[in-house]
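Student: show me the folded form of this:
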Amino acid sequence: MSQVVTLTTDFGIGDGYVASMKGVMLGINPQAKIVDITHAIAPQSIREASFILHTSWRYFPEGTIHVIVIDPGVGSHRRAVILRTPTATFVTPDNGTLSYILHELSTEKAAQAVPFSEQVAKRALPEGCEAVSITKQEYWRQPVSSTFHGRDIFAPVAAHLSLGLPAKEFGESIESLNAFHVPIPFKDATGHIIGQIIHIDRFGNLITNLRSSHIPVGGAAVEIKNQRITNTSSYYAQGKGLMAIIGSSDYLELSLKDGNAAVFLGIRIGDPVKILSALPL
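Tutor: Numbering: from 1, shown residues only. A predicted model of the protein is given here:
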């Protein structure tokens with residue numbers, strides 16, 4: 001049975017970890033189509049993995065199985081889980097990797113601004129989703145290493161799922177998953193929209209949690225670290241120096257032409273960014 005399975009890890013490509021996971025999956029389902037989303041997640045960066053997954057999962061065929069292994073709690077009592085949504089399935093440690101997925105699928109609107117935080121808490125499943133705690137060891141590779149559940153639990157479970165086994169076959173149904181709060185833009189007392197840096201890509205572009213819908217008609221000035229960008233650009237080659245642009249995932253990005261904006265500004269994840277006002281044409 002041919003089935004698309006994606007992999008997102010912090011394993012890098014200099015060791016045999018990713019290849020071992022693929023070997024286990026192909027041993028169970030030789031027809032599986034395994035696609036790498038990335039293995040360059042910063043070590044143990046659950047938040048980065050969650051964001052990257054959020055920007056890419058919707059572009060895969062319906063029914064794709066996404067395996068995410070960023071697992072600083074490997075070997076502990078943290079749960080291994082399956083989340084099934086109406087269009088995709090996710091296999092991962094229950095440590096916050098699905099935070100952005102749960103956020104975007106939820107119909108609940110935040111009552112107030114949510115600050116940047118790494119803390120996770122139980123979050124109810126969005127409507128139409130189901131989750132399972134992976135407890136049935138007959139679907140695991142034996143013996144199970146206490147340091148490599150990616151190979152011995154997540155890879156074989158994903159492969160069995162790709163053969164058509166229902167999620168409920170792998171363990172007990174659960175009603176919630178661990179997730180961190182996804183930061184939400186807000187208006188300050190002066191009416192300016194305040195967002196945050198939520199990701200820094202390999203080019204040093206600063207991805208904010210501000211979307212195209214936050215930009216006033218006619219453009220806006222953007223302020224970060226006492227630097228003001230007087231208007232938004234449509235594409236990277238259009239501007240000079242620091243630029244603000246709506247990226248391919250509809251997030252406002254700040255970039256430095258022919259340079260690295262993160263290094264230039266000394267920015268870190270969670271730093272604030274401000275949309276000042278609409279500009280006259």
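
Student: hang on, isn't residue 118 packed against residue 48?
Tutor: No. Contact criterion CB atoms under 8 Å: residue 118 and residue 48 do not qualify, at 11.4 Å. All C-beta spots, glycine's among them, are computed from the backbone N, C-alpha and C.

Student: so between the two, which is more surrounded?
Tutor: Counted by other CB atoms under 10 Å, residue 118 and residue 48 do not tie: residue 48 has more neighbours, with 22 against 12.

Student: where's the more buried one relative to residue 35, distance?
Tutor: 19 Å (CB to CB, to the nearest Å).

Student: before we move on, what about residue 127?
Tutor: Applying CB to CB to residue 127 and residue 35 gives a distance of 28 Å.

Student: who's more crowded, these two?
Tutor: More neighbours surround residue 35 than the other of residue 127 and residue 35, with 13 against 10 (other CB under 10 Å).

Student: what about the strands in the stretch 101-250 of the chain?
Tutor: 120-124, 130-134, 171-174, 176-180, 186-187, 193-200, 206-211, 220-224, 227-229, 232-233, 242-246 (DSSP state E, counting those that start in this stretch).

Student: three-state assignment of residue 20?
Tutor: helix (DSSP: H, G, I helix; E, B strand; the rest coil).

Student: and it, how many residues sit next to it?
Tutor: The burial count for residue 20: 17, using other CB under 10 Å.

Student: returning to what we had before: just so I know, which of the strands of the stretch 101-250 of the chain lies nearest residue 26?
Tutor: Closest approach to residue 26 among those (CB to CB): strand 130-134, 20.1 Å.

Student: who does that closest one touch, helix- and strand-wise?
Tutor: strand 80-84, strand 171-174 (3 or more CB pairs under 8 Å, 6 or more residues apart in numbering; DSSP states H and E).

Student: to residue 40, which of those lies closest?
Tutor: Proximity to residue 40 (CB to CB) singles out strand 80-84 among the helices and strands packed on strand 130-134, at 23.0 Å.

Student: the helix or strand that comes right after the closest one packs against which elements?
Tutor: Once strand 80-84 ends, the next helix or strand along the chain (criterion: DSSP states H and E) is strand 89-93. Under the contact criterion of 3+ CB pairs under 8 Å, 6+ apart, strand 89-93 touches strand 65-69, strand 80-84, helix 155-162.

Student: which residues are contacting stretch 32-52?
Tutor: Residues outside stretch 32-52 that contact it (CB atoms under 8 Å, 6 or more residues apart in numbering): 2-13, 18, 22, 25-26, 53, 56, 60, 66, 68, 70, 72, 95-101, 118, 159, 162, 180, 198-199, 202, 207, 269.

Student: 6 Å - rerun?
Tutor: Under the contact criterion CB atoms under 6 Å, 6 or more residues apart in numbering, stretch 32-52 has outside partners 3-13, 18, 22, 25, 56, 68, 70, 72, 95-97, 99-100, 162, 199.
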